[in-house]
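J.: Need coordinates for the below:
(chains A and B)
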Amino acid sequence: AQSVTQLGSHVSVSEGALVLLRCNYSSSVPPYLFWYVQYPNQGLQLLLKYTSAATLVKGINGFEAEFKKSETSFHLTKPSAHMSDAAEYFCAVSDSGGGADGLTFGKGTHLIIQP
Amino acid sequence: DAGITQSPRYKITETGRQVTLMCHQTWSHSYMFWYRQDLGHGLRLIYYSAAADITDKGEVPDGYVVSRSKTENFPLTLESATRSQTSVYFCASSEVISKAEAFFGQGTRLTVV
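T.: Below is the predicted model of the structure:
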């Protein structure tokens, strides 16, 4: 079984400040990890994914995430927040062992950007 | 246009009625999924399908029925809608399982009154 915990249902940062969204996972096998973004009234869009290659993964819109096995974490960061980053962010885990039931999502973190 | 489309985008129905949400993808992806999104719960898997005529239950399947007679379509039916099924429903598809990203539709906002 696998699970995802996102710390903080809401995160507020000032424009230009560092963005840090936390994600911890639980998986009985080496995981594949994903970050998705959801803008209002839209579907989910992939930001980045970790599939056992480089532990530091770069994604779209200046976001990156680092896989830390010892901490079972996959936190999402961006050096300088922009107003357009305001959205809902979801961390998700997939079973690399071939489980056929797709992604398990965290409950999401709503990112608020203060001007 | 290539992609994954859901219809309708918005639906209001009455308790006890049957309603079907449609999902169509043009990539010929093998895997398709239905999720529901609720405040405080994130996305929860309802049903998934590994190929045409192969479907299986997810985390919250009760009250829902799916079918997949063609690779590109994966309709979700609420046999007798209840207020607890008021939610936003997302369909997704994926070429392979596990490491490939899933592509999501725009969602259907369903209100059961």
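J.: and the spatially most central residue of chain B, which of the three is it?
T.: Closest to where the C-alpha atoms of chain B average out (CA atoms, centre = their mean) is residue B:34, at 3.0 Å. Under DSSP: H, G, I helix; E, B strand; the rest coil, residue B:34 falls in the strand class.
J.: wait, isn't it in contact with residue B:88?
T.: No. Using CB atoms under 8 Å, residue B:34 makes no contact with residue B:88, being 11.6 Å away. For every residue, glycine as well, the C-beta is placed using N, CA and C.
J.: what about residue A:115, neighbour count?
T.: Neighbours of residue A:115 under the rule other CB atoms under 10 Å in any protein chain shown: 6.
J.: Just confirm it contacts residue A:13, I think it does.
T.: No. Between residue A:115 and residue A:13 there is no contact under CB under 8 Å: 11.2 Å.
J.: which secondary structure elements does the helix-or-strand element of chain A with minimal mean pLDDT contact?
T.: When the helices and strands of chain A are scored by mean pLDDT, DSSP states H and E, strand A:103-105 comes last with a mean of 88. Helices and strands touching strand A:103-105, by 3 or more CB pairs under 8 Å, 6 or more residues apart in numbering or on different chains; DSSP states H and E, are strand A:2-7, strand A:87-95, strand B:42-51.
J.: Centre of the chain to stretch B:87-106, how far?
T.: Averaged C-alpha coordinates place stretch B:87-106 at 9 Å from its chain's average position (CA atoms, centre = their mean, to the nearest Å).
J.: tell me the mean pLDDT for it?
T.: Taken as a whole, stretch B:87-106 has an average pLDDT of 85.
J.: Quick one: end-to-end distance for it.
T.: End-to-end distance of stretch B:87-106 (CA to CA, to the nearest Å): 14 Å.
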